[in-house]
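Asker: I'll drop the sequence and a predicted model, then ask my questions.
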Amino acid sequence: MSKKWSIFDAMGVVYEVGDDVRELLVPFIQRQNKRMSQLLVEKAYIEASLGEISSKDFWNRLGLGDHYPEIETLYLNYFLKIDPEFVPIAQKFKKKLLFGVAFQRCEGMVPLFEI
C-alpha cells in the first residue's frame, strides 16, 4: 500500500509561533547585534528565502557572518520549537501518511524532523 502525503503549514501548525521572523528571528538577531533594525532583518530574510542570497550572505548582512555557521545552528536548534499538540497527531497517522512541511515562499519539501 502506498502512502499519501499530508502537507502542514509550518508556522502556527507544526511550530509554536505563527511568525517566526518577527517573533523569533528579529529578537534573536537584535540580542546579538543591538544596532540591527527589524526592517533590515526582514529584507535579508526575504532575499534568503527566495534564494537570492546564500545563508552565509544572510548572516553577513546582519553583522553576524563571523559566527556562521554556528549562529544559524544555534537559532534553528534552540528557537524553533515544534508545537506539542502537533506531535500526537503526526504520531497517530505516521504509518499511513508521509508528512511535508510548507514554508512561505518555499518550492520544495525538506525533511526537518522525524516523528
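Answerer: In hand now; what should we look at? Numbers count the residues shown, from 1 in each chain.
Asker: CA atoms for contacts and neighbours, from now on please.
Answerer: OK.
Asker: OK, contacts around Glu42?
Answerer: The contact partners of Glu42, by Cα atoms under 8 Å, 6 or more residues apart in numbering, come to 21, 26.
Asker: could you check the distance from Leu64 over to Glu16?
Answerer: 26 Å (Cα to Cα, to the nearest Å).
Asker: Give me the longest helix you can find in the chain.
Answerer: Scanning the chain for the helix with the most residues, using DSSP state H, yields helix 38-49.
Asker: Following the chain onward from that one, which element is next?
Answerer: Next helix or strand after helix 38-49 toward the C-terminus (DSSP states H and E): helix 55-61.
Asker: If you count contacts, what does that following helix end up packed against?
Answerer: Judged by 3 or more Cα pairs under 8 Å, 6 or more residues apart in numbering; DSSP states H and E, the packing partners of helix 55-61 are helix 38-49.
Asker: Pull out the buried residues from the helix it packs on.
Answerer: By neighbour count with 16 or more other Cα atoms under 10 Å, helix 38-49 contains the buried residues 41, 44-46, 48-49.
Asker: and this protein, what are its domains?
Answerer: As recorded under automatic domain parsing, the domains making up the chain are 1-16+81-115, 19-80.
Asker: Please identify the most buried of those.
Answerer: Highest mean neighbour count among the domains of the chain (mean count of other Cα atoms under 10 Å): domain 19-80, with a mean of 15.
Asker: gap between the two ends of that domain?
Answerer: Domain 19-80 end-to-end distance (Cα to Cα) = 11 Å.
Asker: repeat for stretch 6-14
Answerer: Between the opening and closing residues of stretch 6-14 there is a gap of 12 Å (Cα to Cα).
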